[in-house]
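In: this is the structure alone, sequence omitted:
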């Protein structure tokens, strides 16, 4: 099987030749990994929009995914939605006239080129920050005021959500068009969970956020794409409505939070939602053997009958030993389905 065939097969909840695998990490971890294996650091792609991992690292880990993205046409701010609280006391007119980013700030020809290079892999576009209505609105409006505004259905906050949505809709439409027929997965995200449970209720999601996501997911479906959705934290209560909204894959499968039972998730959502993640590489392991044991524990439940992609539960940071990451992916690679 090619990497692309392997991922598509597992998303159809069928047995593949091995577990599909993905990886994400910080730029500093990439540099650490490259030094460890004497890989040239110029292979590292620095992109403030998307967490790109060097193909040389992904090949070393036998990963099946490659990320594609546009680039800025010229020097624009690294953060499109700065944590400035500029709109904390704004009215609707001020929200409308705010300096919102525009889709034509980017060169999308790079997407076409990348798709051709990665044609044998599962091609994904986007990241956990694509959409990310709560965090971005909170950065502009004030995080506490944003959550209170959700309760009140504040029209100013709703207008901020609308402007964020408008940008990402056009941004993604250009990407999907540039990679038409070659992109497999659109990656979106919005953090709805904490350690003990979700930060918003199902009714709040339905009333305020669901219409935006349905619009975005409809666009992705029009291009034949699967939907991967990121939300950190315990969101078990939101999984049914997220499935109803149109997601195919949830990221991350977090095993280090309350109210998560792998057997229950597998039984309740098999055939509906696939899971991406599952391996908490940041636990205080004492050896690579302990890492391998953790991988086997998760795979023993999640690998059966497809619907699971092995990946870290969070972006790997530079404090994680390279040896632990290698142990994780070596164990995943040899796991027998």
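Out: That came through, no problem. Keep in mind that this is a model prediction, so the values were computed, not measured.

In: low pLDDT regions in this structure?
Out: Applying pLDDT under 70 to the chain picks out residues 42-50, 75-78.

In: apply 80 and report the result again.
Out: Within the chain, the segments meeting pLDDT under 80 span 41-51, 74-79, 258-259.

In: nearest the middle, which residue of it would you pick?
Out: Centroid-nearest residue in the chain: residue 128, 3.8 Å away (criterion: Cα atoms, centre = their mean).

In: that residue: which element?
Out: Assigned by DSSP states H and E, residue 128 belongs to strand 122-131.

In: from the chain's centroid, how far away is the helix or strand that that strand is followed by?
Out: Following strand 122-131 in sequence order, the next helix or strand is helix 133-141 (DSSP H and E). With Cα atoms, centre = their mean, to the nearest Å as the basis, helix 133-141 stands 18 Å off its chain's centre.

In: which other helices and strands contact helix 133-141?
Out: If you count contacts as 3 or more Cβ pairs under 8 Å, 6 or more residues apart in numbering; DSSP states H and E, helix 133-141 packs onto helix 143-152, helix 155-178. Every residue, glycine included, has its C-beta placed from N, CA and C.

In: pick the most deeply packed of those helices.
Out: Counting by mean count of other Cβ atoms under 10 Å, helix 155-178 has the highest mean neighbour count of the helices and strands packed on helix 133-141, with a mean of 19.

In: ok and that helix relative to helix 143-152, angle-wise?
Out: 100 degrees (axes from the mean of the first three to the mean of the last three Cα atoms, to 10 degrees).

In: now the angle from helix 155-178 to helix 133-141?
Out: Using the same axes, to 10 degrees: helix 155-178 against helix 133-141 is 120 degrees.

In: packing partners for helix 155-178?
Out: On a contact count with 3+ Cβ pairs under 8 Å, 6+ apart, helix 155-178 meets helix 92-97, helix 109-117, strand 122-131, helix 133-141, helix 143-152, helix 210-222.

In: how far does it sit from the chain's center?
Out: 17 Å.

In: what do you get for stretch 109-122?
Out: Put simply, stretch 109-122 sits 19 Å off its chain's centre (Cα atoms, centre = their mean).

In: got the contact list for it?
Out: Here stretch 109-122 makes contact (Cβ atoms under 8 Å, 6 or more residues apart in numbering) with 2-4, 6-8, 20, 64-66, 68-71, 123, 125, 175, 178-179, 182-185.
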